[in-house]
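# Kindly return the folded structure for what I paste below:
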Amino acid sequence: MAKLALVRNIGIAAHIDAGKTTLTERFLFYSGRIHKIGDIDEGDTQMDWMPQERERGITITAAATTRSWRNHEIHLIDTPGHVDFTIEVERSLRVLDGAVVVFCAVSGVEPQSETVWRQADKFNVPRLAFINKMDRLGADFDAAVAEIRTRLGGRPVPLQLPIGAEDRFTGVVDLLAQKALTFSGAEEEPPREDEIPADLRERARGMREQVVEAAADFDDALAERFLAGEEVPAADVKAALRQGVLKNAVVPVLCGAALRNKGVQPCLDAVVDFLPSPLEVPPVDGVVPGSAVHATRPPEEKAPFSALAFKVAMDQGRRQVYLRVYSGAVRPGEEVLNARTGRTERIARLFSVHANKRDRLDKAVAGMIVTANGLKETSTGDTLCAPAHPILLERIDTYEPVIAAAIEPRTLAEKEKLDLALGKMSDEDPTFRVHEDPETGQTLIRGMGELHLEIIIDRLLREYNVEAAVGKPQVVFRETITRPAEGEARFQRELEDSQIYGHARVRVAPRTRGAGKVFRAEVPPGAPVPQEIVDAALEGAREAASSGPAGGYPLEDVEVVVVGVDHRDGASTVIGHKIAGSEALRHALRDGGPTLLEPIMQVEVIVPEEFMGEVLGDLNARRGQIENVGFRGQNRVIDAKVALQRMFGYSTNVRSLTQGRANFTMQFARFDSWA
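Numbers count the residues shown, from 1 in each chain. Just a heads-up that it's a prediction; the model follows:
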């Protein structure tokens, strides 16, 4: 294991088709991890190893690998770009120390670019930006940099100036070294250092001043030298700029054309130069399980062991748990505490990872990303720690599925195999849910989109040899109310020699869209009611909120307040008040004007000018709300909100309307009532 100062835990993230996997393949090749560059179109990339990924040319599951560059050990995760698999990005960024966000030089900041950027903001992950596809028609480096500033709110600092664009893109100017780097495009040839072209020298000097000015914000001595007009060495500028990156105050920007092997090595250099080691990120925070006592773990091998399980995957029938080790060390055969369950588990084996290949390890220490066998009860977001030094780290958020389909085996003999396979896949993927409808007995699968469910069905057949009949996708609804209301209920039963009694009065009120649910108690002060009785009534109301009166769907955007509890000495029981709380909420909801909410999607369509009318007409026919029509390069961009149930089959339809020349993205916006 390399010293922690020489370790980088990074992710590659971007909008779909921006070139993440292509860049990752070049990273692996130039660092010596592989000896032949894979091609997405040929379906032979290292990181997209699943058959479904290779056939579709997209990344579905986050793949991890380890490699070396300039004597640094780089642990890298290549994440998906499709919105249906955004949980893969979320849980990867949760455990990474830095990220390279890839942008297309033609399309600039796209919807999923914004999503991954916000996710990185959420976890305070330092970033580099790589403007890819500089060789494509319509490539515009300056426009992409400007969008990082205006749309993402970042502070981009270009470290390079492209030499040419589109088919004339030949290299970059290294602004710090004031040298031109020319790329031949040949796999084996390193970039050649040249003098800066005469027509770019003045602009390069001006842009270098801007880099030094940005670095001066993080080094007072450098700022004084800059203001005095002194020449500041590149090494000093890098050191100061690195401090800005670690504080998430600036984003160094580089550019290239990964498919043509241009700009890859400088990007690898930037990963080493600017992104943090595990020692340079704050000690991981948590609490002592079962309390609110704050606890931290420094990234040191001598500290007590702590790790976060950020992914579960099945590999040849074996359950693999991906771990980010934050502190301490662990060996195969040792017992670790699962802070969520309070039970210990034994780690059978440890592995380093390269996509779907594994190498056995004797020990995992702070700063490493590894997989472990033998952890049968550990799930995504669980904390593993030393039994004598428990700590509970922040869990990983999941997303609610918005689309569902009924599924049943072709034969009764296949039923057990289907249940087993669905159980394993829901264990792997927190956004995939399996549910049995109590009224019809049907098995329902729920996911983030049509593609998500399509991949699940494909994996059932290929990996688990289960043939299943699948119904048409259905929208997952929610319920809310339209006006305030109150409900009251009493529950009274005699059971042998004892009485069970409960009473609750509940007030409900609608909240604004997207505000979520709130549950609380407002029992008048001084009322002689034990707290456990109030808590029971509140718990009953909370459980009843999983099924509304309009269609049995979970409640959304509702405030629920327990405002009264009648306590009787000798008769009141926890179970009685829990039942009363449930019934009181149901009465209140029926009087609150219940209504259905459906998932509304944010849709962005990029379409050539000549087909814009057809696309707008089609969106209007789907009762979409057109929010904006703008330009992106030579194409038009249409932003709209459309109900999900009107978007089924849209991919095929928009391509037929535009001769296959339009692209679109769709992501969940909110639950709402829609015309």
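
# Next one, pLDDT for residue 200 please.
Residue 200 carries a pLDDT score of 94 in this model.

# One more: residue 461?
84.

# Contact partners for it?
Neighbour list for residue 461: 467-468 [criterion: CB atoms under 8 Å, 6 or more residues apart in numbering]. Bear in mind the C-beta positions are built from the backbone N, C-alpha and C, glycine included.

# now residue 222
If you count contacts by CB under 8 Å, 6+ apart, residue 222 has them with 212, 215-216, 232, 236-237, 240.

# mind pulling up the phi and psi values for residue 320?
Torsion angles at residue 320 (phi, psi; degrees, to the nearest 10) stand at phi -110, psi 130.

# what about it, distance to residue 312?
Between residue 320 and residue 312 the computed distance is 7 Å (CB to CB, to the nearest Å).

# Same check on residue 483?
Residue 483 is 44 Å from residue 312, by CB to CB.

# Give me the lowest-pLDDT entry from the contacts of residue 222.
Among the contacts of residue 222, residue 232 has the lowest pLDDT, at 91.

# helix, strand or coil for it?
Assigned by DSSP: H, G, I helix; E, B strand; the rest coil, the conformation of residue 232 is coil.

# wait, what's in contact with residue 109?
Contacts for residue 109 (CB under 8 Å, 6+ apart) come out as 103, 144, 147-148, 151-152.

# Which of the residues you listed are buried? Put it as a PyMOL command.
Entered in PyMOL, the line below selects the buried ones among those, by 16 or more other CB atoms under 10 Å:
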select buried, resi 103+144+147+148+152
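
# Make JSON lines out of the contacts of residue 109 and add distance to residue 533 and secondary structure.
Below are the contacts of residue 109 laid out as JSON lines (distance: CB to CB, whole Å; DSSP: H, G, I helix; E, B strand; the rest coil):
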{"residue": "103", "distance to residue 533": "57", "secondary structure": "strand"}
{"residue": "144", "distance to residue 533": "60", "secondary structure": "helix"}
{"residue": "147", "distance to residue 533": "56", "secondary structure": "helix"}
{"residue": "148", "distance to residue 533": "55", "secondary structure": "helix"}
{"residue": "151", "distance to residue 533": "52", "secondary structure": "coil"}
{"residue": "152", "distance to residue 533": "50", "secondary structure": "coil"}
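
# Okay, buried residues for stretch 467-475 please.
So stretch 467-475, judged by 16+ other CB under 10 Å, has buried residues 468, 473, 475.

# Tell me who's in contact with the second one.
Okay, so that is residue 473. 403-405, 450, 453, 648.

# cutoff 10 Å now
403-406, 445-447, 449-450, 453-454, 644-645, 648-649 (CB atoms under 10 Å, 6 or more residues apart in numbering).

# hang on, the earlier thing: in terms of packing, which of residue 483 and residue 312 has more residues around it?
Using other CB atoms under 10 Å, the more surrounded residue of residue 483 and residue 312 is residue 312, with 21 against 10.

# Can you list the buried residues in the helix or strand encompassing the more buried one?
Assessed by DSSP states H and E, residue 312 sits inside strand 306-315. Neighbour-count burial for strand 306-315 flags 306-314 (criterion: 16+ other CB under 10 Å).

# could you dump it to PDB, C-alpha only?
Output of strand 306-315 as PDB, limited to C-alpha atoms (Å, rounded to 0.1, in the frame of the first residue of the first chain):
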ATOM      1  CA  SER A 306     -14.100   2.400  10.200                       C
ATOM      2  CA  ALA A 307     -15.500   1.900   6.700                       C
ATOM      3  CA  LEU A 308     -18.600   2.700   4.700                       C
ATOM      4  CA  ALA A 309     -20.300   0.000   2.600                       C
ATOM      5  CA  PHE A 310     -21.300   2.000  -0.500                       C
ATOM      6  CA  LYS A 311     -22.300  -0.700  -2.900                       C
ATOM      7  CA  VAL A 312     -23.500  -4.400  -3.000                       C
ATOM      8  CA  ALA A 313     -23.000  -6.500  -6.100                       C
ATOM      9  CA  MET A 314     -23.400 -10.100  -7.000                       C
ATOM     10  CA  ASP A 315     -20.400 -11.700  -8.700                       C
END
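
# Direction included, what does it pair against?
strand 318-327 (antiparallel), strand 383-385 (antiparallel) (DSSP bridges).
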